[in-house]
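Colleague: Quick check, what structure comes out for this input:
(one chain, ligands or ions: 1)
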Amino acid sequence: MTDGLPQGSNDLIQYPSQTPFTSPTCRLHPQTTCPAFVALRMLSRLEGAQPVLVTDAGCFYGLSFINHFYGARKSILAPAVGTAELSSGKLQEAALAAIEEAARDPNVSLIPVLSLCVSETAGLVEELLPRESHGKPVVLIRMPSYAVHAHPDAKDIVTAVLLRRFADTASPTEEKTLVLLGEVFAADPLMIDGVLRKMGARVLVTLPGRRIDEVRLAGRGAAVAALHPFYRESLTVLRERGVAVVGGAPSGAEGTAAWLHAVGMALELDEQLVEQVAREEEEKALRFLDAQPLKGFTVLVSGYDGNEMPYTRLLVESGAYVPYLSTSIAQSALTAADEAWLRARGTEAVVYRKTFEDDQKALLHWKFDLAFSGTTMLASYAKHHGIPAVYFTNILSVRPLFLSGGMIASISTVRELLNRRHIYRQMLDFFKE
Ligand code: SF4
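Modeller: Residues are numbered from 1 along each chain as shown. Here you go, the predicted structure:
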């Protein structure tokens, strides 16, 4: 280590690696908690919403437990559905009774009804549910885990259902406004708004949020940008309503400039002004990146909800070698540009719908200096092998990521983590002795 600047273990990087990486074939091990949990978390946080869970007692027990663990501060209504109710066809009546109960509460203004594996299999009939009860909207969200593969998909489904029902498209479009999609660090939309204002535009709202008014407002945006590349259904809903779609995210020097130009085109902004602001942002980022703060380091990125792609771009632009990137999201048109960009710069394996076994195998396939992990399991596995590992949720997602400011904050954190690599080696030696 010299003057605080860490030195990587792979100063002479040879890539591609000698043996191509292949995913393990066994995919029988469950990889995630029930995706309905994420839907429940989002809906519980909506002001005035009283979620109704239509499922059996087993789902209800697990989901309500984890929901309160994540600080829901709201009870969940659920009809008591067991074998007797399912076999006697009382499911529909039980759901209606729970909706009625929710609607009678004067503090409730919205009733999301989550239909899970059991009720979907038993045949909850959408047409027989009310669209309103006591003047309060009732919204059915189908969330069986046999059809919803991962948490990001659940986020997209909830957002899309709410947009389809509530997005205000009757009012005039708010010119030169952008809707952001993605559960991002709170400062990121503010920083994006600050830069857009220099171009004569602004951020209208960021979804998913905590108020149904924000969903309404999103329908008045002139363009939408999914900062995480999995909001396919939500983008479809807004596209159908004539809202322009901006691809990618303002991540890294090149990515930020390209994104700002795309926003400029979508919102029909002054070209010269956009060019000037994009160049300023790019130059700021390049001044930092020119020092190649991560040159010589090999980093594994295993994410789960879309942040991993913009993060990997930052690492690569900072000089790091990232041969392996895995994610829980599906491959789609929204991931294509980032994947092509990364593959052209040395990322050999991009694994969608990844499993823990994929990540385990990858960790031993290359020689890593640091692992970014979407799960605590992989973080533990990496530390067990003396490799520093950080969990996305605790360390990385609590910092800004986008534009030059986010990039500097994130890469500085990575540098600090790399500075502490020797501690992990000492730990390994200690336990070997
Ligand atoms: S049965 Fe389906 S909805 Fe219920 S907890 Fe299991 S995966 Fe989730």
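
Colleague: ok, now which ones touch the residue in the stretch 301-433 of the chain positioned nearest to the ligand?
Modeller: Ranked by CB to the nearest ligand atom, the top residue of the stretch 301-433 of the chain for proximity to the ligand is Ser328, at 15.3 Å. The way it works is simple: take the backbone N, C-alpha and C, and place the C-beta from them, glycine included. Neighbouring residues of Ser328 by CB atoms under 8 Å, 6 or more residues apart in numbering: 31-32, 149-152, 303-305, 353-354, 374.

Colleague: export those residues to JSON lines and tack on neighbour count and secondary structure?
Modeller: Below are the contacts of Ser328 laid out as JSON lines (neighbours: other CB atoms under 10 Å; DSSP: H, G, I helix; E, B strand; the rest coil):
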{"residue": "Gln31", "neighbour count": "17", "secondary structure": "coil"}
{"residue": "Thr32", "neighbour count": "17", "secondary structure": "coil"}
{"residue": "His149", "neighbour count": "16", "secondary structure": "coil"}
{"residue": "Ala150", "neighbour count": "22", "secondary structure": "coil"}
{"residue": "His151", "neighbour count": "23", "secondary structure": "helix"}
{"residue": "Pro152", "neighbour count": "25", "secondary structure": "helix"}
{"residue": "Gly303", "neighbour count": "26", "secondary structure": "coil"}
{"residue": "Tyr304", "neighbour count": "21", "secondary structure": "coil"}
{"residue": "Asp305", "neighbour count": "21", "secondary structure": "coil"}
{"residue": "Arg353", "neighbour count": "15", "secondary structure": "coil"}
{"residue": "Lys354", "neighbour count": "27", "secondary structure": "coil"}
{"residue": "Gly374", "neighbour count": "26", "secondary structure": "coil"}
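
Colleague: Let me know the pLDDT of Gln31.
Modeller: At Gln31, the model reports a pLDDT of 73.

Colleague: list the contacts for it?
Modeller: Counting by CB under 8 Å, 6+ apart, Gln31 has contacts 150, 328, 355-356.

Colleague: Need phi/psi at the residue nearest the centre of the chain.
Modeller: Taking CA atoms, centre = their mean, the centroid of the chain lies closest to Asp305, which sits 3.3 Å from it. Main-chain dihedrals, Asp305, degrees, to the nearest 10: phi -130, psi 30.

Colleague: Now do the helix or strand of the chain with the lowest mean pLDDT: distance to the chain's middle.
Modeller: Lowest by mean pLDDT, DSSP states H and E among the helices and strands of the chain is helix 83-87, with a mean of 79. Centre-to-centre, helix 83-87 and its host chain are 37 Å apart (CA atoms, centre = their mean, to the nearest Å).

Colleague: Ok, stretch 74-90 next?
Modeller: On CA atoms, centre = their mean, the centre of stretch 74-90 falls 32 Å from that of its chain.

Colleague: Please save the CA atoms from it in CSV.
Modeller: Provided in CSV are the C-alpha atoms of stretch 74-90 (Å, rounded to 0.1, in the frame of the first residue of the first chain):
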residue,chain,number,x,y,z
LYS,A,74,-49.1,-1.3,10.1
SER,A,75,-51.2,-4.4,10.6
ILE,A,76,-52.1,-6.6,7.7
LEU,A,77,-55.7,-7.8,7.2
ALA,A,78,-56.0,-11.4,6.0
PRO,A,79,-59.0,-13.7,6.0
ALA,A,80,-58.6,-16.9,8.0
VAL,A,81,-58.1,-19.3,5.1
GLY,A,82,-57.4,-22.9,5.9
THR,A,83,-58.2,-26.3,4.3
ALA,A,84,-61.9,-26.0,5.3
GLU,A,85,-62.4,-22.6,3.6
LEU,A,86,-60.4,-23.7,0.5
SER,A,87,-62.3,-27.0,0.0
SER,A,88,-65.7,-25.5,0.7
GLY,A,89,-65.1,-22.6,-1.8
LYS,A,90,-65.4,-19.9,0.8
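
Colleague: quick check, that stretch touching the ligand?
Modeller: No: interface with the ligand: stretch 74-90 contributes nothing (CB under 6 Å from any ligand atom), its closest point being 11.2 Å away.

Colleague: By neighbour count, which bits of that stretch are buried? Give me those.
Modeller: For stretch 74-90, the buried set under the neighbour-count rule, 16 or more other CB atoms under 10 Å, comprises 76-79, 81, 85-86, 90.

Colleague: before we move on, back to that, give me the contact list for the least confident helix or strand of the chain.
Modeller: So helix 83-87 is in contact with 56, 79, 90-91, 94, 118, 122, going by CB under 8 Å, 6+ apart.

Colleague: and those as a markdown table, adding secondary structure?
Modeller: Formatted as a markdown table, the contacts of helix 83-87 follow (DSSP: H, G, I helix; E, B strand; the rest coil):
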| residue | secondary structure |
| --- | --- |
| Asp56 | coil |
| Pro79 | coil |
| Lys90 | coil |
| Leu91 | helix |
| Ala94 | helix |
| Val118 | helix |
| Ala122 | helix |
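
Colleague: and of those residues, the nearest to the ligand?
Modeller: Val118 (6.1 Å).

Colleague: Lys176 is in what secondary structure piece?
Modeller: Take DSSP states H and E as the rule and Lys176 turns out to sit in strand 174-181.

Colleague: Mind telling me what element Gln272 is part of?
Modeller: helix 271-289.

Colleague: How far away from the center of its chain is that helix?
Modeller: For helix 271-289, the distance to the chain centre is 26 Å (CA atoms, centre = their mean).

Colleague: Who are the packing partners of that helix?
Modeller: Secondary-structure packing of helix 271-289 (3 or more CB pairs under 8 Å, 6 or more residues apart in numbering; DSSP states H and E): helix 187-198, helix 252-266, helix 403-419.

Colleague: Return the set of buried residues in the shortest one.
Modeller: Residues of helix 187-198 classed as buried under the neighbour-count rule (16+ other CB under 10 Å) are 188-189, 191-193, 195-196.

Colleague: Tell me what angle that helix forms with helix 403-419.
Modeller: Here helix 187-198 runs at an angle of 150 degrees relative to helix 403-419 (axes from the mean of the first three to the mean of the last three CA atoms, to 10 degrees).

Colleague: Buried residues in the next helix or strand after helix 187-198, which are they?
Modeller: Sequence-wise, the next helix or strand downstream of helix 187-198 (DSSP H and E) is strand 202-207. Neighbour-count burial for strand 202-207 flags 203-207 (criterion: 16+ other CB under 10 Å).

Colleague: Please identify which pair of those lies farthest apart.
Modeller: Taking CB to CB, the two most distant members of the buried residues of strand 202-207 are Val203 and Leu207; they sit 11.2 Å apart.
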